[in-house]
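S.K.: Here is a sequence together with a model predicted from it:
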Amino acid sequence: MHILLLGRGKTGSLVAQIAQERRHHIEIAGTKENAGQAALTPEKLAAVEVVIDFTTPHCAIANIEACIRNGKNTVVGTTGWYGELDHVRRLVEEHNTGFLYAANFSIGINLFLDVARTSAAALRHDYSGQIFERHHAHKKDAPSGTALELQRAVHEASGSTDNLEITSFREGDVVGMHELVFESDNDRIYLCHDAKSRRAFAVGAVLAAEWVAGRKGFYNFKDVWQEL
Ligand SMILES: NC(=O)c1ccc[n+]([C@@H]2O[C@H](COP(=O)([O-])OP(=O)(O)OC[C@H]3O[C@@H](n4cnc5c(N)ncnc54)[C@H](OP(=O)(O)O)[C@@H]3O)[C@@H](O)[C@H]2O)c1
């Protein structure tokens, strides 16, 4: 495939590497090349099959709009624009394109979230639950987006009115560890996902691009990862 990648930061660089390993033709535009969405004109996009965005919350919406208006299928890993989800869904329908997004493109995390949804039944059987998340000392936000997603997944699946408490640790160079613990008077259940590198995000994003190429519609990775 001919992929245009927006962003050559920590994740974008890995996406480029994985896409090349999978024999895709990859073009990259960073801040400079894409100032004012200069890399997303109809002429520049003519030969591109899928655009992948790993940039910043500030420019994501302008990038997304330019891609969709030009009829390009798009994969978005950038977070922080979800207040505009309904607007983007409408644009995708209007322009009849394919769009796939996720806060987390790791297959392992998506599997972990499915396990968490199943395990949420514990809350209907006298268990209490807690979430712990650990990340490297440089991570600015807490709790992590994935911990919040874990909390939401358990909340929706259990039907409970309360949210599980999240405890965050920032230490050393931990890539990302999420633990979900249920405890009753009789036993304790530990579920843990421990990321070894950021490559999992990049692999998922490239598989997502392969999946969405030639498709129409608005998709979240959590609903399609099992088909990859
Ligand atoms: N969904 C997932 O699985 C997942 C996984 C990891 C991260 N993320 C999200 O992905 C985003 C990027 O994360 P990161 O860790 O890779 O951040 P990062 O290292 O800060 O990289 C962001 C890159 O965006 C580029 N950029 C900024 N404005 C741009 C524009 N208008 N056009 C093109 N490129 C532009 C910058 O390129 P220059 O270097 O050229 O200035 C920068 O290198 C964040 O929102 C993060 O939360 C999502």
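M.R.: Nice, thanks for sending it over.
S.K.: Residue 57 is in contact with residue 78, isn't it?
M.R.: Yes - shown here, residue 57 and residue 78 form a contact pair, counting by Cβ atoms under 8 Å, at 6.5 Å. All C-beta atoms are positioned from the backbone trio N, CA, C, and that covers glycine.
S.K.: quick one: which of these two has more around it?
M.R.: Summary of the neighbour comparison: residue 57 and residue 78, criterion other Cβ atoms under 10 Å, with residue 78 having more neighbours (24 against 11).
S.K.: Nearest spatial neighbour of the closest residue to the ligand within the chain, chain-adjacent residues omitted?
M.R.: Of the chain, the residue with the smallest distance to the ligand, taken as Cβ to the nearest ligand atom, is residue 9 at 1.7 Å. Counting by Cβ to Cβ, 6 or more residues apart in numbering, the nearest residue to residue 9 once its immediate chain neighbours are dropped is residue 54, at 6.5 Å.
S.K.: do the same with residue 78
M.R.: Of all residues not flanking residue 78 in the chain, residue 60 sits nearest, at 4.2 Å (Cβ to Cβ, 6+ apart).
S.K.: And the ligand, is the strand or helix carrying that neighbour touching that?
M.R.: According to DSSP states H and E, residue 60 maps onto helix 57-69. Yes - part of helix 57-69 sits close enough to the ligand to count as contact by Cβ under 6 Å from any ligand atom, namely 57, 59.
S.K.: With stretch 91-105 instead?
M.R.: Yes - using Cβ under 6 Å from any ligand atom, stretch 91-105 reaches the ligand at 102, 103, 104, 105.
S.K.: Next, format the residues you listed as a markdown table and append pLDDT.
M.R.: Putting the residues of stretch 91-105 next to the ligand into a markdown table (pLDDT from 0 to 100) gives the following:
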| residue | pLDDT |
| --- | --- |
| 102 | 94 |
| 103 | 87 |
| 104 | 90 |
| 105 | 95 |
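S.K.: Most neighbours of all the residues you listed, which one?
M.R.: Neighbours here mean other Cβ under 10 Å. Within these, the largest count is held by residue 105, at 27 neighbours.
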